[in-house]
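*Asks:* What follows is a protein structure lacking sequence information:
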């Protein structure tokens, strides 16, 4: 059953295909459908969060954008907590429904992947906002006579220096001063995101027992994602190497054909003469 089917209501229910079901089955199916829909919405929200994060520190950055990012993150965080509770309820229901074990494992797996994606989106958001804050500080310091970039405890990274250059080129001194006044607000937002990351880690721990019982380890999921990224990078390199080899082979074949054409021409001229 796909999330699109859930949204459109096109997915057939088990009662339609196999006849009447027990009240326990009906309760399990309703909870599973609700949980799957929440996972779908969380995945959509994660994509929205990443798009908003990409605009931080650019000309599109604004109070409205930061509010949208904050609200979307908070909504997704609340959804993650509710989904965790729903999965626990689903596990309780499945205890008396052995035939629903596979369905529980799949739903649990989908939720874990979604939570992991949300956790990483929060980490990206926090890191991006740190870069913006440091960029503002550097840009302000560079405008002050006799100042030196960085502090004894923090030396600016290349990304932070580039962010500072963007601010200096795009913002007037007045706008830059306004951005400086928002530093405390941005730092508070970063702390809030970090708190959310810790809360999500606690959710993972709470689900640990269920995950172990279902034989679906979250570490395996995370490891698989990392391995897929590595394999994809390796495959890309291999494709690049293959393309280079193909181009070189093509050039060699063209040169050979050219030489053969010259030889054939010489032979033909010799025969005609």
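*Replies:* Yep, that arrived. What you are looking at is a predicted structure, and each value in this text was computed from that prediction instead of being measured.
*Asks:* Contact partners for residue 56?
*Replies:* The contact partners of residue 56, taken as CB atoms under 8 Å, 6 or more residues apart in numbering, are 65, 66, 69, 128, 129, 132. Just so you know, the C-beta spots here come from the backbone N, C-alpha and C atoms, and that holds for glycine as well.
*Asks:* Would you mind listing the residues in contact with the closest residue to the third one other than its chain neighbours?
*Replies:* This means residue 69. Here the nearest residue to residue 69 in space, its sequence neighbours aside, is residue 52; by CB to CB, 6 or more residues apart in numbering that works out to 4.3 Å. Each residue near residue 52 by CB under 8 Å, 6+ apart is listed here: 65, 68, 69, 72.
*Asks:* Repeat that for residue 82.
*Replies:* Residue 82 sits next to residue 38 when contact means CB under 8 Å, 6+ apart.
*Asks:* measure it to residue 60 for me?
*Replies:* When CB to CB, to the nearest Å is the yardstick, residue 82 and residue 60 sit 31 Å from each other.
*Asks:* now residue 80
*Replies:* Distance from residue 80 to residue 60, by CB to CB: 27 Å.
*Asks:* So for those two, which sits in the more crowded spot?
*Replies:* Applying other CB atoms under 10 Å to residue 80 and residue 60 shows that residue 80 carries more neighbours, namely 22 against 10.
*Asks:* Would you mind confirming that the more buried one makes contact with residue 115?
*Replies:* Yes. Using CB atoms under 8 Å, residue 80 is in contact with residue 115, at 5.8 Å.
*Asks:* Need the overlap of contacts for the two.
*Replies:* With CB under 8 Å, 6+ apart, residue 80 and residue 115 have common neighbours 42, 200, 203.
*Asks:* Tell me the spatial nearest neighbour of the last one, not counting adjacent residues.
*Replies:* Counting by CB to CB, 6+ apart, residue 203 lies nearest to residue 84, which is 4.8 Å off, once chain neighbours are set aside.
*Asks:* what's the nearest residue to residue 77 if we skip its chain neighbours?
*Replies:* residue 196 (5.2 Å).
*Asks:* Now for the one you found: which residues touch it?
*Replies:* So residue 196 contacts 73, 77, 122 (CB under 8 Å, 6+ apart).
*Asks:* Take those residues and, keeping just the buried ones, write it as a ChimeraX select command.
*Replies:* Burial among the contacts of residue 196 is assessed by 16 or more other CB atoms under 10 Å; the matching ChimeraX selection reads:
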select :73,77,122
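*Asks:* Looking at the contacts of residue 196, spot the one nearest residue 34.
*Replies:* The closest of the contacts of residue 196 to residue 34 turns out to be residue 77 (CB to CB; 18.1 Å).
*Asks:* Please determine how far the closest one is located from residue 115.
*Replies:* Residue 77 is 11 Å from residue 115, by CB to CB.
*Asks:* again with residue 106
*Replies:* Relative to residue 115, residue 106 is positioned 15 Å away (CB to CB).
*Asks:* of these two, who's got more company?
*Replies:* Just comparing residue 106 and residue 115: by other CB under 10 Å the higher neighbour count belongs to residue 115, 26 against 15.
*Asks:* Report all helices and strands that the helix or strand harbouring the more buried one contacts.
*Replies:* Residue 115 is part of helix 101-143, with elements assigned from DSSP states H and E. Other helices and strands packing on helix 101-143, by 3 or more CB pairs under 8 Å, 6 or more residues apart in numbering; DSSP states H and E, are helix 23-54, helix 63-94, helix 158-170, helix 173-181, helix 183-214, helix 218-272.
*Asks:* Now tell me which of the ones you listed the model trusts least on average.
*Replies:* With a mean of 60, helix 218-272 has the lowest mean pLDDT of the helices and strands packed on helix 101-143.
*Asks:* I'd say residue 122 and residue 195 touch.
*Replies:* No. The pair residue 122 / residue 195 is not scored as a contact, 10.0 Å apart, by CB under 8 Å.
*Asks:* any idea how far residue 259 lies from residue 99?
*Replies:* Counting by CB to CB, the gap from residue 259 to residue 99 is 72 Å.
*Asks:* cool, and residue 157?
*Replies:* Distance, residue 157 to residue 99, using CB to CB: 54 Å.
*Asks:* swap in residue 130?
*Replies:* According to CB to CB, residue 130 and residue 99 sit 49 Å apart.
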